[in-house]
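1. Can you look at this prediction? I've put the sequence above it.
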Amino acid sequence: MKKIVKFMLVGTLGLGLLGLAGCKGAGAAAENKAVIYTNADEEPVKAMEKALDDNGFKDKYVLQSLGTSELGGKLLAEGKNLEADLVTMSTFYLDAAEEKNHFLEKLAVNVQPLAETTGYTLPLTVQEGVIFYNTKALQEAGLTPPTSLKDLANPAYAGQLSISDIKQSSTAWLLFQGLIDTYGEKEAQQILAKIYENAGDHVEASGSAPLKKVKVGEVALGFGLRHQAVAAKKAGDPIEYVEPAEGTYHLTESLGILNKGQSKEKMTDLQKMAEIILTVGRKEIIQYYPSALYEGESTAGLETAKSQKAFGEKLTPALLAEHQGLVK
């Protein structure tokens, strides 16, 4: 009996050690995977994943989505200590984080951007803001469609408007930029005060939330991302969108690789992943965000904004914080 018990104990210990070795091996395998952090919407995330999976990197990376404010804060505060190897993020945040922390690797990607870049980031998407409305809900409420951002302050739209919160979503910043650039900061603040009154409880944390409310008719109109409104209309939802008279303001999101002392082999893989995303992935992404970013890209046949505009000042986290202060 003693021999049997001893045999069982030895066997159990052996299995335990094998289990520990197996766990350690699994952990090592997980550590070798590239970690991607992104604030991108669902469409570009799927495009990136498909491009990587179809081009040799299936099961070789882990992708994690974070909100713009959360990821921006982590980039600025953590620098090289960030878990990620590769990041896609609002360009102004990514560039500011690089200026502060000097943590990005020069990109060796065979693409020719149309606009000047730092070399540490390359653009991935263009986010545009637009007014949209539910045709049925607007008609039932006896309202006419707005034609400008300033129109959203019309008291007739009280309780029928949804926007996103600039303190949580960069989408809202597009609304602020259009008003400030066109009317000046003082008048823009007065207009925004009335817009916030009209929105009431429909100031949302997410940039896509206003369209969701408008689609189901909870409110009649909103401001949000242009590509989502275009897609909703194409899908047969009772959605129409309006290019604001002030212009269609935009933000870019870019890609960067963190230099954290990775091995030469891993850095080579990260550069390959970046190139796949910015070439193969971009072919699908441009279908949703119809703005050319690189030489050779075409937007023929796509619904592009008629009057795309950029804000008159350089976009920075400090400028965003200044504009967020207008909400008070």
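-> Cool, got the structure. Residues are numbered from 1 along each chain as shown.

2. Give me the local confidence score for the residue lying closest to Gly159 once chain neighbours are set aside.
-> Here the nearest residue to Gly159 in space, its sequence neighbours aside, is Gly200; by CB to CB, 6 or more residues apart in numbering that works out to 6.1 Å. Every residue, glycine included, has its C-beta placed from N, CA and C. pLDDT, Gly200: 97.

3. Equivalent analysis for Thr135, please.
-> Note for Thr135: predicted pLDDT of 98.

4. that older thread, measure the residue nearest to Gly159 to Lys328 for me?
-> Distance, Gly200 to Lys328, by CB to CB, to the nearest Å: 17 Å.

5. Need the residue closest to the centroid of this protein.
-> For the chain, the residue nearest the mean C-alpha position is Ala40 (3.0 Å; CA atoms, centre = their mean).

6. Nearest spatial neighbour of it, chain-adjacent residues omitted?
-> In space, and not counting its chain neighbours, Ala40 is closest to Thr88: 5.4 Å by CB to CB, 6+ apart.

7. One more: Leu75?
-> Ala97 (3.9 Å).

8. residue contacts, the one you found?
-> Neighbour list for Ala97: 72, 75-76, 79, 103 [criterion: CB atoms under 8 Å, 6 or more residues apart in numbering].

9. Surely Tyr294 and Val111 touch.
-> Yes - taking contacts as CB atoms under 8 Å, Tyr294 lies within contact range of Val111: 5.0 Å.

10. got any residues that touch both of the two?
-> Counting by CB under 8 Å, 6+ apart, the shared contacts of Tyr294 and Val111 are Leu278.

11. just to revisit the earlier point, would the residue nearest to the centre of the chain count as being in a helix?
-> No - read with DSSP: H, G, I helix; E, B strand; the rest coil, Ala40 is coil and lies in no helix.

12. OK, contacts around Gln160?
-> 137-138, 141, 143, 198, 219-221.

13. rewinding a little: out of the contacts of Ala97, which end up buried?
-> Neighbour counting by 16 or more other CB atoms under 10 Å classes 72, 75, 79, 103 among those as buried.

14. so who does the third one touch?
-> Residues counted as contacts of Gly79 (CB under 8 Å, 6+ apart) are 97, 100-101, 103.

15. Considering the contacts of Gln160, which possesses the most neighbours?
-> Across the contacts of Gln160, neighbour numbers were computed from other CB atoms under 10 Å; Leu221 holds the maximum, 27 neighbours.

16. how about whichever strand or helix holds Ala318: buried residues?
-> If you go by DSSP states H and E, Ala318 is part of helix 317-324. Under the neighbour-count criterion of 16+ other CB under 10 Å, helix 317-324 has 317, 319-320, 323-324 buried.

17. Show me what that helix is packed against.
-> helix 91-101, helix 171-183 (3 or more CB pairs under 8 Å, 6 or more residues apart in numbering; DSSP states H and E).

18. between those helices, which gets nearest to Ile286?
-> Of all the helices and strands packed on helix 317-324, helix 91-101 sits nearest to Ile286, with 16.8 Å by CB to CB.

19. Return the set of buried residues in that closest one.
-> So helix 91-101, judged by 16+ other CB under 10 Å, has buried residues 91-98, 101.

20. mean confidence score for the helix or strand just after that helix?
-> The helix or strand immediately downstream of helix 91-101 is strand 104-105, counting by DSSP H and E. If you average the pLDDT over strand 104-105, you get 97.

21. Offset the numbering so it begins at 32, please.
-> Right, with 32 as the first residue, what we last looked at is strand 135-136.

22. For strand 135-136, give me every contacting residue.
-> With contact meaning CB under 8 Å, 6+ apart, strand 135-136 is reached by 125, 129, 151-152, 287-290, 298, 301-302.

23. Grab the nearest non-local neighbour of Asp116.
-> Ala65 (4.7 Å).

24. no wait, Leu183
-> Ile226 (4.9 Å).

25. which residues sit against the helix or strand hosting the one you found?
-> Counting by DSSP H and E, the element that carries Ile226 is helix 216-230. With contacts defined as CB under 8 Å, 6+ apart, helix 216-230 is touched by 180-181, 183-186, 188-194, 206-207, 210-211, 213-214, 234, 357-358.

26. filter those residues to the buried ones?
-> 180-181, 183-185, 188, 191-194, 206-207, 210-211, 213-214, 234, 357.

27. Could you export the host helix or strand of Leu83 as CSV, keeping only the C-alpha atoms?
-> Assigned by DSSP H and E, Leu83 belongs to helix 73-83. Below are the C-alpha coordinates for helix 73-83, written out as CSV (Å, rounded to 0.1, in the frame of the first residue of the first chain):
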residue,chain,number,x,y,z
GLU,A,73,-15.5,48.4,-35.9
GLU,A,74,-15.1,48.7,-39.7
PRO,A,75,-11.3,49.5,-39.8
VAL,A,76,-10.7,47.0,-37.0
LYS,A,77,-12.2,44.2,-39.0
ALA,A,78,-10.3,45.4,-42.1
MET,A,79,-7.0,45.3,-40.2
GLU,A,80,-7.7,41.9,-38.7
LYS,A,81,-8.6,40.4,-42.1
ALA,A,82,-5.6,41.9,-43.8
LEU,A,83,-3.2,40.5,-41.1
